[in-house]
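Undergrad: build me a model from this:
(chains A and B)
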Amino acid sequence: MAIGRTPHRTTWLLLFAALLAFAPASPARAELSDLFGPKAVAVTGDLRIVAADGEKSWTDAGFGKARFGGGDDLDWRLRPVATEAELIWQPRFSWTLSGTVVVAAQHEQQHPVDLIEAFISFKPLPDGGTHISGRAGLMWPQVSLEHEGANWQVADMITPSAINSWIGEEVKVVGVEATVAQDIGAAQLSGTLGVFGFNDTAGALLAFRGWAMHDLKATAFGKQQLSALDEEMWEYDQAPKTKPLIEIDDRPGFYGRLALRMAAPVTLSVNYYQNRGVPEAVTHALQWGWNTRFWNFGARIDIDEDTKILAQALTGTTEMGFENDEGVYWVETRFRSAYARLSHRLGAVTLSGRADRFGTRERGTWMQPGDSENGWAATFDADWKLSKHVNLLGEVLHIDSDRGTRVRTGVDPHQSQTVVQFAIRLGF
Amino acid sequence: MRALALLPTVLVAPMLIASPARAGELVVQLRTPSGGVVRNAVVTLYPAGRPAPQAPPQRTYQVSQKDIQFHPFVLIVPVGAQVAFPNFDDIRHHVYSFSPAKKFELKLYAREQNRTVKFDKAGAVPLGCNIHDQMTAFIKVVDTGLSALSDANGRAVFANVPDGPFIARIWHPYLRAPSNQMEMRWSSGVARQIQNVTLGLRTPPPVSSDY
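TA: Below is the predicted model of the structure:
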């Protein structure tokens, strides 16, 4: 049994080490405005009116796949929600070295304020057509095609796909990555390699709850609610909340990414992630190591300046617990999902539609084939840019899924749910 | 026999004398195959068989940085021109180009406005900012005094052009052609006319969404 370490000390040690490593390579003066000026500090906010029906949300320990669920009788429930506020600090230390620190207050997160990202970016001037860059710290590997910006916000939509909802909630690392990109005429080929720790529990939410669709982001120090299989399990085998950022087995993981941006322009990308978690490793607080690996394939097609298609497909496996005599772990979950999304800008309004498919296959000794899942979702959004600082978004999200695990708690395995949201996004 | 030998000269001479006198306006209307107007295309003219008139670099040109964008998006300058890069933003910019026509970098601190670069070779010079990936612009260094940039209506206007024939070169940062440039030959008498040209453009590359 290992004792897990949270990143609160190590994160800052890594950041400091990276700063010392990079700083001598790029001596330059950092002016006060580069460190604390108006362009170095930003504040964002997200206020919503939400109407949702259907089962209890996973954030309330249910199996509901959306961030918000319906009332007691699964009927419609309307509520205003101050969803999120973030403070973004992006100091520039030199011509090649900058930092990104984001702290957030999210509606359902454990602590009132928590750290979202804290990393250093190194980006020297390109050498001809060769671009080299690096990052080190607390960050998301670049898997999502839907998120952008320092605060990792979904562009033009409120709710990300099932794939990128999972990336946001569980696939966040403390690590170091390097990227090399080479211009080939009007095209560009890039490769990224990263080494990381503190992501040993990636897969816990996905296995116990299944796929979900929401914009909650993993925090450095908080925990995420797991869906209830049974009370006894929570008491003796697995903590009822999972901590996304924890090092349990002292084995670093790695990830890689290849991307080809063609002149068309079509951009194709492929990711591989492997946290090299030890399934038998567990902390005193019952946080387990999950041996999680996945492939992600992405495509972005910019049909014209106003129209784009995004698509991703992700497939992977995770294992947790001890093996039986046949070599089967307590939990062995194979997971896969795919989406395609079309966005079109009409003046100040961007209209988007997305179709998601998702599923899991269980073959462990705790969670067996009958616990598996199949589902789909359709999402429609309108994003109206009212000004440089204010966006108004409206979204209709419908999710339909069959999940065998629901039977354990006396719930019909087939559930469908619709969530209607109106959001005001503020950014200063 | 001698009179016959002189006949071609007699017939052609009035045309040669008359050509410079017919100087006038030439409008090049640039459209996409679907009929949309093409702005920011650079049209340069080279008189066929004659040296191109040279435009002396009489003034200092400017590519400014404001609101984390370059202004203008496309700038035409003659060979030898000095271009100023004033930074009107409150943050630093790291302007660079690694094009064959001009390799340079400028480290511009906030509000630094006194830096210039000399462009002494004809060609296209893409500009970038190493700090802000969304910043893109182009300087087209030309070796002819006959050049024009297409406006918001897709029109490149030459105010005073001697009649052709000309070799016309049309360049656009996203033109579907080798080196983003196409060449065509226009016969004499193009002045006082509208030349309609269709350009196939690529979709601009997406702004990096790295995070």
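Undergrad: any low-confidence regions in the stretch 251-400 of chain A?
TA: Within the stretch 251-400 of chain A, no stretch has pLDDT under 70.
Undergrad: do chain B as well
TA: B:1-23, B:57, B:188-192, B:208-211.
Undergrad: from chain A, how far off is the residue most central in space within it?
TA: Nearest to the geometric centre of chain B sits B:Val42, at 3.4 Å (C-alpha atoms, centre = their mean). Using C-beta to the nearest C-beta, to the nearest Å, B:Val42 is found at 18 Å from chain A. Placement of C-beta: from N, CA and C, glycine included.
Undergrad: just list the residues touching that residue, thanks.
TA: B:Val74, B:Ile76, B:Lys140, B:Val142, B:Ser147, B:Ala148, B:Leu149, B:Ser150, B:Ala156, B:Ile170, B:Trp171, B:His172 (C-beta atoms under 8 Å, 6 or more residues apart in numbering or on different chains).
Undergrad: out of those residues, which comes closest to chain A?
TA: Closest approach between the contacts of B:Val42 and chain A, by C-beta to the nearest C-beta: B:His172, at 12.7 Å.
Undergrad: and the closest residue to the closest one other than its chain neighbours, what are its phi and psi?
TA: Sequence neighbours aside, B:Ala41 is the residue nearest to B:His172 in space, at 4.3 Å (criterion: C-beta to C-beta, 6 or more residues apart in numbering or on different chains). Here is the backbone geometry of B:Ala41 (degrees, to the nearest 10): phi -90, psi 140.
Undergrad: could you verify my assumption that B:Ala41 touches B:Tyr174?
TA: No: contact criterion C-beta atoms under 8 Å: B:Ala41 and B:Tyr174 do not qualify, at 9.8 Å.
Undergrad: sketch out the low-pLDDT regions of the stretch 51-200 of chain A for me.
TA: Across the stretch 51-200 of chain A, nothing is flagged by pLDDT under 70.
Undergrad: now the strands for it?
TA: Counting by DSSP state E, counting those that start in this stretch, the segments of the stretch 51-200 of chain A that form strands are A:77-89, A:97-106, A:114-122, A:130-139, A:147-148, A:153-154, A:173-184, A:187-197.
Undergrad: how near is A:Phe322 to A:Val331?
TA: 10 Å (C-beta to C-beta, to the nearest Å).
Undergrad: burial measure for the residue in the stretch 51-200 of chain A that chain B sits nearest to, as a count.
TA: Residue nearest to chain B within the stretch 51-200 of chain A (C-beta to the nearest C-beta): A:Glu148, separated by 4.5 Å. When neighbours are counted by other C-beta atoms under 10 Å in any protein chain shown, A:Glu148 registers 17.
Undergrad: get me the contact residues on chain B for chain A.
TA: Chain B comes close to chain A at residues B:89-92, B:94, B:96, B:98, B:105, B:107, B:109-110, B:128, B:130-131, B:202-206, B:209-211, as judged by C-beta under 8 Å from any C-beta of the partner chain.
Undergrad: buried subset of these, written for ChimeraX?
TA: Buried residues among the residues of chain B next to chain A (16 or more other C-beta atoms under 10 Å in any protein chain shown), as a ChimeraX selection:
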select /B:89,91,92,94,96,98,105,107,110,128,130,131,202,203,205,209,211
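Undergrad: contact partners for the residue in the stretch 301-428 of chain A positioned nearest to chain B?
TA: Distances between the stretch 301-428 of chain A and chain B by C-beta to the nearest C-beta are smallest at A:Asp302, namely 4.8 Å. Residues in contact with A:Asp302 (C-beta under 8 Å, 6+ apart) are A:Pro265, A:Val266, A:Lys308, B:Thr203, B:Pro204, B:Pro205, B:Pro206.
Undergrad: what about these, which are in strands?
TA: A:Val266, A:Lys308 (DSSP state E).
Undergrad: could you work out the most separated pair of the contacts of A:Asp302?
TA: Spatial extent of the contacts of A:Asp302 (C-beta to C-beta) is set by the pair A:Val266 and B:Pro204 at 13.3 Å.
Undergrad: helices along chain B, start to end?
TA: Using DSSP state H, the helices found in chain B span residues B:2-21.
Undergrad: and it, split by domain according to the record?
TA: B:20-52+B:144-205, B:54-143 (automatic domain parsing).
Undergrad: so how far is the shortest one off the chain centroid?
TA: The one in question is domain B:54-143. From the chain centre to the centre of domain B:54-143 is a distance of 15 Å (C-alpha atoms, centre = their mean, to the nearest Å).
Undergrad: more neighbours, A:Phe322 and A:Val331?
TA: Set side by side, A:Phe322 and A:Val331 show more neighbours around A:Val331, with 25 against 11, by other C-beta under 10 Å.
Undergrad: give me the nearest residue to residue 124, chain neighbours excluded.
TA: With no chain named, the answer covers chain A. That would be A:Thr96: by C-beta to C-beta, 6+ apart, it lies 4.8 Å from A:Pro124.
Undergrad: I was after chain B.
TA: Closest residue to B:Ala124 apart from its sequence neighbours, by C-beta to C-beta, 6+ apart: B:Lys140 at 5.6 Å.
Undergrad: ok, that neighbour - contacts?
TA: Under the criterion of C-beta under 8 Å, 6+ apart, the neighbours of B:Lys140 are B:Val42, B:Val74, B:Leu75, B:Ile76, B:Val77, B:Gly123, B:Ala124, B:Val125, B:Ser147, B:Trp171.
Undergrad: mind listing what's buried in stretch B:95-104?
TA: Residues B:Val95, B:Tyr96, B:Ser97, B:Phe98, B:Ser99, B:Ala101, B:Lys102 are the ones in stretch B:95-104 that count as buried (16+ other C-beta under 10 Å).
Undergrad: same deal with stretch A:382-397?
TA: Neighbour counts using 16+ other C-beta under 10 Å place A:Ala382, A:Asp383, A:Lys385, A:Asn391, A:Leu393, A:Glu395, A:Leu397 of stretch A:382-397 among the buried residues.
Undergrad: quick one on the thing from earlier: take the buried residues of stretch B:95-104 and keep only those in strands.
TA: Filtering these for strands - DSSP E - leaves B:Val95, B:Tyr96, B:Ser97, B:Phe98, B:Ser99, B:Lys102.
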